[in-house]
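S.K.: One predicted model, sequence on top.
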Amino acid sequence: MRILGIDPGTRVTGYGVIDMERGKPRSIAAGVLRAPDRDMAERLGVIQDELRALIAAHAPAVMAVERVFVGRNVNSALMLGQARGVALACAGSAGIAVSEYSASQIKQAVVGTGRARKEQVRHMVGILLGMDLQDQALDCTDALAVAICHGHSAPLARRTGLPAGARWSRR
C-alpha cells in the first residue's frame, strides 16, 4: 500500500511517501514544500499545486495527515488548519482516502511513547526505513512518521472495523 504522509504547515509542509509491504515501510520520496513569504492565499495556493503534483507523481492509495493540536496559540492552530484543509481538499479531489492522527498517536506508533521528542521520532523513522535522516528537516521526518503510523495502524483498523486513526478510549 502506498501512503502519503503530510505534516501540514503554512510556510513549510513536510511530506513522505512510503510503500508498506508485509508490515515493513519502504521510503519512496520525502521532503518539504516551502511556500513563499507572501500572503496566506498565495502560500496555500503553492502548497495546493505542489501537493497535487506529488499525488499525480506517486499515486498514493491513502493520505495520512497529522491533526492540529490547539495549545496556547489559537491563531497558529487556525493557520495550520488552513494548510490541513488544503491537503484534505487535494486528497478529496484526487479520490484518495484520508486518515488523521494526533501527534501522540504518531509518536506512540513510531517510537513507543506518545511523549517522544522530535529528535527521537527522526531517529526511529531512520531506523525503520534504514536511512540516515539526521540532515533532513524535522517536517520531512514527521511526515514520514505520519505515513508509518498509518501503515502500522491500518491493519488493526481493518481487523477491528474501526476507521484508521480512530481515537481509542479506555473504559
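M.R.: Received it, and whenever you're ready, just let me know what you need. Computed from a predicted structure; not experimentally measured.
S.K.: And the lengthiest helix in the chain, what does it pack against?
M.R.: Using DSSP state H, we find that the single longest helix of the chain is helix 138-160. Packed against helix 138-160 by the contact rule (3 or more C-beta pairs under 8 Å, 6 or more residues apart in numbering; DSSP states H and E) you find strand 2-7, strand 12-21, strand 24-34, strand 62-66, strand 97-101, helix 103-110, helix 118-129. (C-beta placed from N, C-alpha, C; glycine too.)
S.K.: Of the ones you listed, which stretch is the most buried?
M.R.: Looking across the helices and strands packed on helix 138-160 with neighbours counted as mean count of other C-beta atoms under 10 Å, the highest average goes to strand 2-7: a mean of 27.
S.K.: what is the orientation angle of that one with strand 24-34?
M.R.: Taking axes from the mean of the first three to the mean of the last three C-alpha atoms, to 10 degrees, strand 2-7 and strand 24-34 form an angle of 40 degrees between their directions.
S.K.: re earlier: now the longest helix of the chain: buried residues?
M.R.: Judged by neighbour count using 16 or more other C-beta atoms under 10 Å, the buried positions of helix 138-160 are 138-154.
S.K.: same question for that helix, mean pLDDT?
M.R.: When pLDDT is averaged over helix 138-160, the result is 85.
S.K.: That helix to strand 24-34, inter-axis angle?
M.R.: Relative orientation of helix 138-160 with respect to strand 24-34: 140 degrees, computed using the same axes, to 10 degrees.
S.K.: Okay, angle between helix 138-160 and strand 12-21 too, please.
M.R.: Computed by the same axes, to 10 degrees, the angle between helix 138-160 and strand 12-21 is 40 degrees.
S.K.: Using PDB, write down the CA coordinates of helix 138-160.
M.R.: Written as PDB, here are the backbone C-alpha positions of helix 138-160 (Å, rounded to 0.1, in the frame of the first residue of the first chain):
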ATOM      1  CA  LEU A 138      12.000  17.700  11.000                       C
ATOM      2  CA  ASP A 139       8.900  18.500   9.000                       C
ATOM      3  CA  CYS A 140      10.000  15.800   6.500                       C
ATOM      4  CA  THR A 141      10.800  13.200   9.100                       C
ATOM      5  CA  ASP A 142       7.500  14.000  10.900                       C
ATOM      6  CA  ALA A 143       5.600  13.400   7.600                       C
ATOM      7  CA  LEU A 144       7.400  10.000   7.200                       C
ATOM      8  CA  ALA A 145       6.300   9.200  10.800                       C
ATOM      9  CA  VAL A 146       2.700  10.000   9.900                       C
ATOM     10  CA  ALA A 147       2.900   7.600   7.000                       C
ATOM     11  CA  ILE A 148       4.500   4.900   9.000                       C
ATOM     12  CA  CYS A 149       1.900   5.400  11.800                       C
ATOM     13  CA  HIS A 150      -0.900   4.800   9.200                       C
ATOM     14  CA  GLY A 151       1.000   1.800   7.800                       C
ATOM     15  CA  HIS A 152       1.100   0.200  11.300                       C
ATOM     16  CA  SER A 153      -2.500   1.300  12.200                       C
ATOM     17  CA  ALA A 154      -4.400   0.300   9.000                       C
ATOM     18  CA  PRO A 155      -4.200  -3.500   9.500                       C
ATOM     19  CA  LEU A 156      -5.600  -3.100  13.000                       C
ATOM     20  CA  ALA A 157      -8.300  -0.900  11.800                       C
ATOM     21  CA  ARG A 158      -9.300  -3.500   9.100                       C
ATOM     22  CA  ARG A 159      -9.400  -6.200  11.800                       C
ATOM     23  CA  THR A 160     -11.500  -4.200  14.300                       C
END
